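**Q** Would you be able to build a 3D model of this:
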Amino acid sequence: MDSVTTSWVLHAIKNTLGYEPVRQDILLHYFPTLHRGNITKIRKAGYKNHVVTFDAFIEPGKTRENKSEKIQHYLAEVVKMSGVVVFTAANIQQNVDDFETHYQTFIVDNDNKKVYAIDPANDIRVRKSKKILVSGQGIYYAEVAHHTVKPFFEEHTDYQFHMVPLSHPAQIIADDVFCQSWSLYILITLLANRAYLTTAQFYVPESQLDKYETILGFYKRLAAEVPAFSEQLKKEYIDEVNGCNDCPKKELLKVNPEKWLLRMTKGDMEDTD
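**A** Sure, this is the predicted structure:
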């Protein structure tokens, strides 16, 4: 039962960290002045939240090209601003049956005219070949970075585009669903003291168990420090369990997901693989 509960808690965390308002609340908790001077400009451009997340899904009647154009229109507004603007974008779904998401985060430094792209699957050991589209391509291809964001800056600005190299890929197994988590964790770490300016290579542990320890520590930190995360986690957990038809619902609903998270170990995460 413990591994089942852990799986449901991790599922709720994954969903929670994919929500735009939650990602914004987390970033503003650690960086209260983020986007100061640009908030009104971003909202006037049509965005309710100023820390924007472009999810993978296409609106009814729209196409993949429309979604890509929407992101580029947003970027056209961003480069008119000063200072740093951060956002998240997921690979755009290939079709209506494609529910795979791969989150990537971006730091646009307007003052220095540089863009830093964070791909949790980045693998510096990989070199471009006939089967590999770009150097650094890991188990997931950072399509939105390479097909939407990078082309905009190369074709319409004089900004430098930089993929942040990871010492080891954060995602190395095909069913790894932690891109929402890793993309946000790496972004927060790089924003602290403007570390993105001096980080030649971002450290990610090599072993899967140590990766679990890192991301679990991040979850526990959020639970202890960011009320918006804990509130949404509880709601998400209850909603997901209530929507399940083939799980031990009665037992799962007795669990407080935040308390469960705080007692979890990296070994518990490994047991859910």
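
**Q** What ranges does the stretch 151-273 of the chain have for its strands?
**A** With DSSP state E, counting those that start in this stretch as the criterion, the stretch 151-273 of the chain has strands at 160-163.

**Q** in it, what spans have low per-residue confidence?
**A** Residue ranges of the stretch 151-273 of the chain with pLDDT under 70: 174-177, 271-273.

**Q** rerun at 80
**A** 172-177, 270-273 (pLDDT under 80).

**Q** quick one, what contacts residue 163?
**A** Residue 163 makes contact with 117, 119, 122, 136, 142, 145 under the criterion CB atoms under 8 Å, 6 or more residues apart in numbering. C-beta: built from backbone N, CA, C; applies to glycine.

**Q** so what's it bridging to?
**A** residue 117 (DSSP bridges).

**Q** ok, it to residue 141 distance?
**A** Separation of residue 163 from residue 141 (CB to CB, to the nearest Å) stands at 12 Å.

**Q** same thing with residue 162?
**A** Using CB to CB, residue 162 is found at 18 Å from residue 141.

**Q** Looking only at neighbour counts, state which of the two leads.
**A** Comparing residue 162 with residue 141 by other CB atoms under 10 Å, the one with more neighbours is residue 141, at 17 against 14.

**Q** And what about the more buried one, helix, strand or coil?
**A** Of the three states, residue 141 takes coil under DSSP: H, G, I helix; E, B strand; the rest coil.

**Q** Let's see the pLDDT reported for it.
**A** At residue 141, the pLDDT value in this model is 84.

**Q** Residue 42 too?
**A** 97.

**Q** Buried ones in stretch 58-77, by neighbour count?
**A** The neighbour-count check on stretch 58-77 (16 or more other CB atoms under 10 Å) flags 58, 67-68, 70-72, 74-75, 77 as buried.
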